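S.K.: Quick one: sequence plus predicted model below, questions after.
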Amino acid sequence: MDVVRVLLAEDHHLVRQGLRALLEREPDIEIVGEAADGLEALRMIKDVRPDIVVMDITMPGLNGLEVLRRVRQRLPEVRVLMLSVHEGGEYILRALQAGASGYLLKRSLSAELLLAIRAARCGEVFLSPAVSRTIVTRFLQGISPEESRTPYDRLTPREREVFQLIAEGHTNQAIAHRLGISVRTVETHRANLMDKLDIHDVAGLTRLAVQLGLVESVG
């Protein structure tokens, strides 16, 4: 029996515990690692090379969509299943456009996760039924993937990293240290991304990050 090697990337410890408890009961699934933020997840995926990553979209440090984009570029053989509380079509389309092998709603995980893992293992894409309904509705409304793109999608990978860290409340100095770049480079990225987004204060960036599901709303 072939065993599927799965890595869990979820910043909430209790959710990770629940996922592990569910998957460890399956004889053909092996948990090969856990990550609590996006940067840690990216490092572990490179080191462990799992078959499948089960990952939350809203992750600190580097959001799940950005991790997904980089994994698809560098390790296309790794399948990624996205977890989310968001049912909106824009979230789903962005995940699928980035190369997700599935999109699951957290409220229905226990019933669907095993199906999704086994579908991804076979190279198929799995969507929660509610997600499928959303996609069909958007198709019937004639909304194209290009129309669903936002100014955020035009940012470079580094600008998206800086954007998320700013939205999480990190200073330029802290961002520079975390990314291994100079403060001046952070300032340049900050100016460029604010210009592209037409947003000129941190509060505006934070609101956009929450709207995009990249960071959690506070309060």
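M.R.: Looks like it came in fine.
S.K.: Would you mark the buried spots in stretch 35-53?
M.R.: Across stretch 35-53, burial judged by 16 or more other CB atoms under 10 Å covers 35-42, 44-45, 50-53. (Each C-beta comes from the backbone N, C-alpha and C, glycine too.)
S.K.: Just name the shakiest helix or strand of this protein by mean pLDDT.
M.R.: Within the chain, no helix or strand scores below helix 129-140, which has a mean of 71 by mean pLDDT, DSSP states H and E.
S.K.: need the strands for the chain, in chain order.
M.R.: Remark: strands assigned in the chain by DSSP state E are 4-9, 29-35, 52-56, 79-84, 102-105, 126-127.
S.K.: and the shortest one, which strands flank it?
M.R.: Think strand 126-127. strand 102-105 (parallel) (DSSP bridges).
S.K.: Show me what the strand it pairs with is in contact with.
M.R.: The list of residues contacting strand 102-105 from outside it, by CB atoms under 8 Å, 6 or more residues apart in numbering, reads 81-85, 87, 92, 95-96, 112-113, 116, 119-120, 125-128, 130-131.
S.K.: what separates that strand from the chain centre, distance-wise?
M.R.: Offset of strand 102-105 from its chain centre (CA atoms, centre = their mean, to the nearest Å): 11 Å.
S.K.: and what of stretch 197-208?
M.R.: Mean-position distance between stretch 197-208 and its chain equals 20 Å (CA atoms, centre = their mean).
S.K.: for that stretch, which positions count as buried?
M.R.: For stretch 197-208, a neighbour-count test (16+ other CB under 10 Å) marks 197, 199, 205-206, 208 as buried.
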